[in-house]
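Trainee: fold the following.
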Amino acid sequence: MKHNTNPLGAHRRNRWLFPVAVVLLVVAMAGCSLAGYVHFSWREMWHSPIFWNLRLPRIVLSVLVGSTLSVCGAAYQSIFRNPLTDPYVLGVSSGASLGAAVAILLGWQAYRWGIGGMALLTALLTVWAIYRIASLGNRLHVTTLLLTGVCFTFLMTAVISFLMVLHQDKMDSIIFWTMGSFASASWSDVLILLPVAVVGMAVVLYHSRSLNLLLVGSEVAQSLGVEVERVKRSLLFFTTLMVAFAVSGCGVIGFVGLTVPHCVRLLVGSDNRRVVPCSLVVGGFFMLLCDTLARTLLQPSELPVGSLTALIGAPLFIYLLYKNKRSY
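Mentor: Next up, the predicted model:
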């Protein structure tokens, strides 16, 4: 098997990806603004309450969530040195799902942040419990963290299934939330997620060089001056916080943080100084297209956006794995 002697410098010819992705994202946001059950022209759009109060915040939130999940996925894949790792590996989504299910059963849908607030709280508590289990002194055992997250995911899923059997009248609401949706998106959702996402993405970008060294190995990174445990804790804290806030606002959406960074790495190489910003833009573009399809394919009904990301992302990821299986 041939090994790439310079993985971080690979694919230098694809420097065009980031500027092209930015242009495509801007064009897509403009085009998707006109797509929907209610039609209006470019001139009418600027005076339409539907555009300003419903469609535009939904577009902005979908882009923001897609970017957040993709950047977190890129960070996790470098921290765990595993291209099959995604933002939900720490049990964030399962914890949020349980909180949302409990809020729905308690009838908290009437409150502005009844479901989202409960989902955020249980997501953060779940990750805190996993951190405590996986930590020994000042050292964080990544393998234990990974396995504990998987176990918590199965446990939370079992509890949610049990609750749905006991309360079958609320089953549809719980299932729809756990599959993700931007149907209730508002400017307040955007303003709540935006500062967390901006700070978290800035932290990941700041540590992009350290992520490159972690890809080589913790021992090598330590020998080159990286405070491995501090960097891991910082990145895991901020990325987990980003995912928890994203999930609490729109529900559980899978395959974005798994597929997008993986595809970006195939195009631009493994250098996180390029992977992270490219994943940010491509993830937003991917989520925007999926959400636009979710709200337009079956008008006036709407599909859960998580089902579309899985339908598109899973086959694409399987194809990429098959095509590049000799690399693993």
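
Trainee: show me where the stretch 201-328 of the chain has helices.
Mentor: Ranges of helices within the stretch 201-328 of the chain are 208-216, 218-223, 228-250, 256-268, 272-296, 305-323, based on DSSP state H, counting those that start in this stretch.

Trainee: buried residues in the third one?
Mentor: Meaning helix 228-250. 228, 231-236, 238-250 (16 or more other C-beta atoms under 10 Å). The C-beta positions use only the backbone N, C-alpha and C, and glycine is treated the same way.

Trainee: which stretches of the stretch 201-328 of the chain have low pLDDT?
Mentor: Scanning the stretch 201-328 of the chain for pLDDT under 70 picks out 324-328.

Trainee: over to the stretch 1-150 of the chain?
Mentor: Low-confidence segments of the stretch 1-150 of the chain, defined by pLDDT under 70: 1-13, 112, 137-138, 140.

Trainee: residue 163 contacts residue 99, doesn't it?
Mentor: No - if you go by C-beta atoms under 8 Å, residue 163 and residue 99 don't touch, sitting 11.5 Å apart.

Trainee: show me whatever sits in contact with both of those two.
Mentor: With contacts taken as C-beta atoms under 8 Å, 6 or more residues apart in numbering, not a single residue reaches both residue 163 and residue 99.

Trainee: does the residue positioned nearest the centre of the chain lie in a helix or a strand, and which?
Mentor: In the chain, the C-alpha nearest the mean C-alpha coordinate belongs to residue 69, at 1.9 Å (C-alpha atoms, centre = their mean). For residue 69, the host element (DSSP states H and E) is helix 56-79.

Trainee: the helices in the stretch 1-150 of the chain, which residues?
Mentor: Along the stretch 1-150 of the chain, counting by DSSP H, counting those that start in this stretch, helices occupy 17-32, 42-45, 49-50, 56-79, 92-105, 114-134, 142-166.

Trainee: okay, those helices in TSV with distance to residue 260 next?
Mentor: Supplementary listing: the helices of the stretch 1-150 of the chain in TSV, determined by distance: least, C-beta to C-beta, whole Å:
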stretch	distance to residue 260
helix 17-32	11
helix 42-45	29
helix 49-50	30
helix 56-79	4
helix 92-105	16
helix 114-134	21
helix 142-166	20
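
Trainee: between these, which one is closest to residue 261.
Mentor: Residue 261 lies closest to helix 56-79 among the helices of the stretch 1-150 of the chain, at 3.9 Å (C-beta to C-beta).

Trainee: how far out from the middle of the chain is that closest one?
Mentor: Its chain's average C-alpha position is 5 Å from that of helix 56-79, according to C-alpha atoms, centre = their mean, to the nearest Å.

Trainee: mind listing what residue 207 touches?
Mentor: By C-beta under 8 Å, 6+ apart, the contact list for residue 207 reads 231, 234, 235.

Trainee: farthest residue from the center of the chain?
Mentor: Largest separation from the mean C-alpha position in the chain: residue 43, at 34.2 Å (C-alpha atoms, centre = their mean).

Trainee: I'd like to know how far that one sits from residue 51.
Mentor: 12 Å (C-beta to C-beta, to the nearest Å).

Trainee: what about the closest residue to residue 292 other than its chain neighbours, how many residues nearby?
Mentor: In this structure, residue 292 finds its nearest non-sequential neighbour in residue 32, 4.5 Å apart by C-beta to C-beta, 6 or more residues apart in numbering. Counted by other C-beta atoms under 10 Å, the residues lying close to residue 32 total 22.

Trainee: wait, residue 32 touches residue 290, no?
Mentor: No - Residue 32 lies out of contact with residue 290 (C-beta under 8 Å); the separation is 10.8 Å.

Trainee: before we move on, what SS does residue 184 have?
Mentor: Look at residue 184: counting by DSSP: H, G, I helix; E, B strand; the rest coil, its state is coil.

Trainee: distance of it from residue 299?
Mentor: In this structure, residue 184 and residue 299 are 18 Å apart, going by C-beta to C-beta.

Trainee: who has more neighbours, these two?
Mentor: Taking other C-beta under 10 Å, residue 184 and residue 299 do not tie; residue 184 has more neighbours (16 against 11).
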